[in-house]
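K.L.:
What follows is a predicted protein model with its sequence.
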Amino acid sequence: MGPELEKIYEGILDGNTKQVLENVEAALAANIQPAVILNEGMIAAMGEVGQLFEDGEYFVPEMLIAARAMQKGLEVLKPYLSEDDVQSPGKVVIGTVKGDLHDIGKNLVAMMLEGAAFEVVDLGTDVSPEKYVEAIKESGAQIIAMSALLTTTMPNMKNTIDALVEAGIRDQVKVMIGGAPITQAYADQIGADGFAEDASRAVAKAKALLQK
Ligand code: B1M
């Protein structure tokens, strides 16, 4: 790992936003690929934060400041994650499911979708099934994208699909899900149309769902 990436990694672990911002700029200036900065510097560091939390060495405040440093770094990286492709492939309603406040992965998926010219309606975190339904009706989006990071909130993906059925709009939208505990098997089990492991695969999946 180059010195800039190491400092980004360390900066996220320490929740040092200034160090992260300076080194994202420095890495870009050194022509390090944005995807490398993202994956090896930032996402790898959040993985380590999760491990430290599991090991009882980090607590919620450390996770929070690490998350804040990462979000700020992502804002700097955002313009570099776009494709030049201009025609919009479609509209997506995105959010983190009810009871769940984790939004870094969801924001990354939203950012990459926007970079690929999708129109994105971001409902934020803790989004109830009713709120997703309302947003689909209002926006006419073709895709609903749900993120969950907690095993305890995953069932709200199924609850949202049930709410779409109840509202009579299930066949108007494709349902895409993702997040650390989510698998293809879970997507199949709850009747989602697609699952993606990471943000760039989420873009490919969204495009593929619209071709069907
Ligand atoms: Co939380 N947390 N957290 N946390 N947190 C996890 C998820 C945990 C795995 C940590 C651990 O124990 N190792 C654990 C969950 C355990 C479980 O459910 N089995 C956990 C816990 C327990 C909790 C609390 C309950 C802690 C507490 O209060 N005691 C609490 C719950 C709060 C709530 O939501 N109600 C909590 C709180 C928090 C903070 C608020 C402090 C903070 C979040 C800040 C924020 O998001 N603004 C936080 C953080 C930072 C984490 C970890 C460390 C990092 C998550 C992250 O941002 N990763 C996390 C540990 C870990 O995941 N290793 C952890 C980086 C991000 C880029 O990855 O979100 O996975 P991720 O997104 C990926 C893919 O999953 C995918 O694309 C992204 C990569 O390209 N993806 C999609 C995501 N969504 C997608 C949607 C798609 C497609 C792909 O299509 C729609």
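P.N.:
Alright, I've got the coordinates. Residues are numbered from 1 along each chain as shown.

K.L.:
Would you map out the domains in this structure?
P.N.:
According to automatic domain parsing, the chain comprises the domains 3-80, 91-211.

K.L.:
Check which residues of the helix or strand hosting R201 are buried.
P.N.:
Element membership of R201 [criterion: DSSP states H and E] is helix 199-211. By neighbour count on 16 or more other Cβ atoms under 10 Å, the buried set for helix 199-211 is A199, S200, A202, V203, K205, A206, L209. Quick note: C-beta positions are derived from backbone N, CA and C, even for glycine.

K.L.:
export the domains of the chain to CSV and tack on mean pLDDT?
P.N.:
Below are those laid out as CSV (pLDDT from 0 to 100):
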stretch, mean pLDDT
domain 3-80, 95
domain 91-211, 97
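
K.L.:
okay, the ones you listed, which one's buried deepest?
P.N.:
Comparing the domains of the chain by mean neighbour count (mean count of other Cβ atoms under 10 Å), domain 91-211 comes out on top with a mean of 19.

K.L.:
residues from this protein in reach of the ligand?
P.N.:
43, 46-47, 49-50, 53-54, 60, 63-64, 67, 99-106, 108-109, 145-147, 149-151, 176-180, 196, 198-199, 202 (Cβ under 6 Å from any ligand atom).

K.L.:
immediately after the longest helix seen in the chain, which helix or strand?
P.N.:
Longest helix in the chain by number of residues (criterion: DSSP state H): helix 60-77. Next helix or strand after helix 60-77 toward the C-terminus (DSSP H and E): strand 91-96.

K.L.:
next SSE after that next one?
P.N.:
Next along the chain from strand 91-96, counting by DSSP H and E, comes helix 104-115.

K.L.:
Tell me which helix or strand comes right after that next one.
P.N.:
Under the assignment DSSP H and E, the closest C-terminal helix or strand after helix 104-115 is strand 119-122.

K.L.:
And the contacts of that following strand?
P.N.:
88, 90-95, 106-107, 110, 113-114, 135, 139, 141 (Cβ atoms under 8 Å, 6 or more residues apart in numbering).

K.L.:
out of those, who's nearest the ligand?
P.N.:
Ranked by distance to the ligand (Cβ to the nearest ligand atom), the contacts of strand 119-122 are led by K106 at 5.2 Å.

K.L.:
For the nearest residue to that closest one once chain neighbours are set aside, give me its contacts.
P.N.:
Nearest residue to K106, sequence neighbours excluded (Cβ to Cβ, 6 or more residues apart in numbering): S147, at 4.0 Å. Going by Cβ under 8 Å, 6+ apart, S147 touches 94-97, 100, 102-103, 105-106, 109, 177-179.

K.L.:
now with 10 Å?
P.N.:
94-97, 100, 102-110, 125, 127, 153, 157, 176-180, 182, 202 (Cβ atoms under 10 Å, 6 or more residues apart in numbering).
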